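Student: One predicted model, sequence on top.
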Amino acid sequence: GAVVSQHPSRVICKSGTSVKIECRSLDFQATTMFWYRQFPKQSLMLMATSNEGSKATYEQGVEKDKFLINHASLTLSTLTVTSAHPEDSSFYICSATGFVNTEAFFGQGTRLTVV
Amino acid sequence: AQRVTQPEKLLSVFKGAPVELKCNYSYSGSPELFWYVQYSRQRLQLLLRHISRESIKGFTADLNKGETSFHLKKPFAQEEDSAMYYCALRVDSSYKLIFGSGTRLLVRP
């Protein structure tokens, strides 16, 4: 199957700083990418949907100025957590679908810890 | 409202026992449902989808629109089946998915 890679796998940052998480489709062109957030022992909650070259569509309750999403190419989407706070600490997961759109492929996730 | 419910957080069975992981959904449109599995320290991966009507690793799931359910079943559980299982509902033409809370399956020797 297709591969989606996230970088970094884990990151620790200081409160008040911003951190960028990358999501790359390695062997296919990702027309749509999705960003999820997963709290410990909880399910994946969809944060936003991004289409290449368009503004992301955020789910209700997700602050778009807090979680900046950029999908500038067909192989890369980035999520920037701005002015991070400890409550932003979580596991962030991306998924991607391509032109054929038969399946969503998931990245390995990024564990963000804000101290 | 669009919702996926997995009532069991943990299901523990002995090797060789039958397994049924429950999933119920709420959706006004025509549902497309999936089961995803996450093995320890691995990424989420698709196990099966209802439209394929296939059996993967011995698992099957049938969509029951009357009961709005999509339960995952396996007649004889194996230790390697131990993992986190998520039921998911596709809600538009992209692969926007609504996930259930997940069920941890533990298969004991």
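Tutor: Good, I have the coordinates.
Student: Not counting sequence-adjacent ones, nearest residue to the residue sitting nearest the centre point of chain A?
Tutor: Nearest residue to the geometric centre of chain A (C-alpha atoms, centre = their mean): A:Trp35, 3.8 Å. The shortest distance from A:Trp35 to any non-neighbouring residue, by C-beta to C-beta, 6 or more residues apart in numbering or on different chains, is to A:Met47 (4.6 Å). In this view, the C-beta of every residue, glycine as well, is placed from N, C-alpha and C.
Student: again, but for B:Ser69
Tutor: Sequence neighbours aside, B:Asn24 is the residue nearest to B:Ser69 in space, at 5.1 Å (criterion: C-beta to C-beta, 6+ apart).
Student: Determine whether any part of stretch B:78-91 lies close to chain A.
Tutor: Yes: Stretch B:78-91 is in contact with chain A by C-beta under 8 Å from any C-beta of the partner chain, via B:Tyr86.
Student: Could I get the contacting residues of the residue nearest to the centre of chain A?
Tutor: A:23, A:46-48, A:50, A:67, A:69, A:77, A:79, A:92-94 (C-beta atoms under 8 Å, 6 or more residues apart in numbering or on different chains).
Student: Same list, the residues you listed, but as JSON lines with secondary structure, distance to B:Lys73 and neighbour count please.
Tutor: As requested, the contacts of A:Trp35 are exported to JSON lines (DSSP: H, G, I helix; E, B strand; the rest coil; distance: C-beta to C-beta, whole Å; neighbours: other C-beta atoms under 10 Å in any protein chain shown):
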{"residue": "A:Cys23", "secondary structure": "strand", "distance to B:Lys73": "33", "neighbour count": "28"}
{"residue": "A:Leu46", "secondary structure": "strand", "distance to B:Lys73": "27", "neighbour count": "18"}
{"residue": "A:Met47", "secondary structure": "strand", "distance to B:Lys73": "32", "neighbour count": "23"}
{"residue": "A:Ala48", "secondary structure": "strand", "distance to B:Lys73": "34", "neighbour count": "22"}
{"residue": "A:Ser50", "secondary structure": "strand", "distance to B:Lys73": "36", "neighbour count": "26"}
{"residue": "A:Phe67", "secondary structure": "strand", "distance to B:Lys73": "38", "neighbour count": "20"}
{"residue": "A:Ile69", "secondary structure": "strand", "distance to B:Lys73": "38", "neighbour count": "23"}
{"residue": "A:Ser77", "secondary structure": "strand", "distance to B:Lys73": "36", "neighbour count": "30"}
{"residue": "A:Leu79", "secondary structure": "strand", "distance to B:Lys73": "36", "neighbour count": "26"}
{"residue": "A:Tyr92", "secondary structure": "strand", "distance to B:Lys73": "32", "neighbour count": "24"}
{"residue": "A:Ile93", "secondary structure": "strand", "distance to B:Lys73": "27", "neighbour count": "24"}
{"residue": "A:Cys94", "secondary structure": "strand", "distance to B:Lys73": "30", "neighbour count": "30"}
